[in-house]
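Undergrad: Fold the following.
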Amino acid sequence: MVARNWRCKGRKGEIDLVGWEGKTLCFIEVKTRSSRGMVPAEMAVDRAKQAELRGMAALFLRTQRSNPQFRFDVVSVYLEPGKKAEVELFKDAFPRRSMSGKRRFPL
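TA: Here you go, the predicted structure:
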C-alpha cells in the first residue's frame, strides 16, 4: 500500500486505498457493513461513486513519474456481531473508461 484515505486539495472525495499488485496500481474502494442486508456492500459503488473514483485516480496518476497500468478494485467487509469478519475482493470491479470525462463519440 502506498496511500490510505488519499485526498486532493480542492476536490471532493477520497480513495480509500492505493497499492501495487506487481506492476499494476490498484485504486481500492472499501465498503463496510454491520450486516448482510438485501443489497451487497459492493453495490454501493454506483456510477456516481465510480466517476468520483476515476477523477481522484486521474489526479493521483499525475503524481506518478511513470504511466502505470492501473485498475479499480472494491473490497466488501461485513462485521456482524458474534461472527468472524468476512472480506471479499472484487478485482477490476469497474472499467477505467475515459479519465478525462469527455465522450469519445457524440451521442
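Undergrad: pLDDT (mean, whole number) over the helix or strand encompassing residue 57?
TA: Assigned by DSSP states H and E, residue 57 belongs to helix 47-61. For helix 47-61, mean pLDDT is 95.
Undergrad: Check which residues of it are buried.
TA: Judged by neighbour count (16 or more other Cβ atoms under 10 Å), helix 47-61 contains these buried residues: 50, 52, 53, 54, 55, 56, 57, 59, 60. All C-beta spots, glycine's among them, are computed from the backbone N, C-alpha and C.
Undergrad: now stretch 33-50
TA: Residues of stretch 33-50 classed as buried: 33, 41, 42, 45, 50 (neighbour count, 16+ other Cβ under 10 Å).
Undergrad: Using TSV, lay out those together with distance to residue 76.
TA: Shown next, in TSV, are those (distance: Cβ to Cβ, whole Å):
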residue	distance to residue 76
33	8
41	4
42	5
45	9
50	15
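Undergrad: Next step: these restricted to helices.
TA: Per DSSP state H, helices hold the following members of those: residue 50.
Undergrad: measure residue 50 to residue 13 for me?
TA: 11 Å (Cβ to Cβ, to the nearest Å).
Undergrad: burial count for residue 97?
TA: 12 (other Cβ atoms under 10 Å).
Undergrad: three-state assignment of it?
TA: Here residue 97 takes the coil state, with states given by DSSP: H, G, I helix; E, B strand; the rest coil.
Undergrad: Skipping its backbone neighbours, what lies nearest it in space?
TA: Once flanking residues are discounted, residue 97 sits nearest to residue 54: 6.7 Å by Cβ to Cβ, 6 or more residues apart in numbering.
Undergrad: helix or strand right after the helix holding residue 57?
TA: Going down the chain from helix 47-61, the next helix or strand is strand 69-78, by DSSP H and E.
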